[in-house]
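with the input below, show me the fold.
(one chain, ligands or ions: 1)
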Amino acid sequence: MATIESQLKVRIPRNVKIAMFSFTEYFKGFEKVAAVREIFGEETEKALGNLKVEFAGIRGYMGVSEIDGHLIVGARYLNEGDPVDIYLDIIHELVHVKQFLEGKELFDSDYNYVERPTEVAAYRHAVKEAKRLGMDDGRICEYLKTEWMSDDDLQRLAKTVGIKLVHFKAK
Ligand SMILES: [Zn+2]
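Down below sits the predicted model:
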């Protein structure tokens, strides 16, 4: 008897490669940023040199692949997002890249998103850089708030990273 699969009159490719690019080919100067060097230390050039980036047609912002640690960037966000937000997101994601290289579990679902230790570390580092750039608490709150984060979560995150929750007009 024919298997169900053998009845399919189509051909489906398997083991396709994800189209990825060299991070340093597209994102210039990050190896000189003190906040980045603080993450990777002496290994900064090597870590960024090995990092691959995938530009994806997704609704989201950016993230790190839990399979191989490459950076995934929403093409639309990159095209239309605020440059400072994008810069801080890259700083945030590079903390995850380092965590991945250290073998840490990036998506530990035992924790709520804003309390997950890997997220707390990434947010703290990005907020430290935001403060260095002179961003006030209101602007930092605006940066931190995403449409999928509840007011409670934002409040908790603001407290965790040491800023006052300031109300702002939604984007
Ligand atoms: Zn994160």
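
can you list the low-confidence ranges for the protein?
Residue ranges of the chain with pLDDT under 70: 168-171.

now the helices for it?
Secondary structure of the chain by DSSP state H: the helices cover 23-26, 34-40, 44-50, 75-80, 83-101, 117-132, 137-144, 151-161.

how about those helices in CSV, adding distance to the ion and mean neighbour count?
For the C-beta atoms, the positions are set from N, CA and C on the backbone; glycine is no exception. Converted to CSV, the helices of the chain look like this (distance: least, CB to the ion, whole Å; neighbours: other CB atoms under 10 Å):
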stretch, distance to the ion, mean neighbour count
helix 23-26, 17, 15
helix 34-40, 13, 17
helix 44-50, 17, 15
helix 75-80, 14, 13
helix 83-101, 5, 20
helix 117-132, 4, 18
helix 137-144, 11, 19
helix 151-161, 11, 16
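
pull the number of nearby residues for D136.
13 (other CB atoms under 10 Å).

sorry, slip of the keys, the one I care about is L165.
Around L165 there are 18 residues (other CB under 10 Å).

residues contacting the spatially closest residue to it that is not a sequence neighbour?
The spatial neighbour of L165 that comes closest, neighbours along the chain excluded (CB to CB, 6 or more residues apart in numbering), is A158 at 4.4 Å. By CB atoms under 8 Å, 6 or more residues apart in numbering, the residues touching A158 are 137, 141, 144, 164-165.

show me what stretch 26-34 is in contact with.
Contacts of stretch 26-34 with the rest of the structure, by CB under 8 Å, 6+ apart, involve 23-24, 36-37, 44-45, 48, 53, 90-91, 94.

ignore the last one, stretch 116-132
Stretch 116-132 is contacted from outside by 35, 38-39, 88-89, 91-93, 95-96, 99, 104-108, 111, 113-114, 139-140, 143-144, 157, 160-163, using CB under 8 Å, 6+ apart.

what of stretch 58-70?
Residues outside stretch 58-70 that contact it (CB under 8 Å, 6+ apart) are 18, 20, 51-54, 71-77, 81, 89-90, 93, 96-97, 100-101, 106-107, 146.

tally of neighbours for the closest residue to G81 other than its chain neighbours?
Leaving aside its sequence neighbours, G81 sits nearest to Y61 (CB to CB, 6+ apart; 7.3 Å). A count of nearby residues for Y61, using other CB under 10 Å, gives 18.

how about the one 10 residues further on?
For L71, the count of nearby residues is 23 (other CB under 10 Å).

ok, it to D151 distance?
Computed as CB to CB, to the nearest Å, the L71 to D151 distance reads 29 Å.

go on, E25?
To D151, E25 is 40 Å away according to CB to CB.
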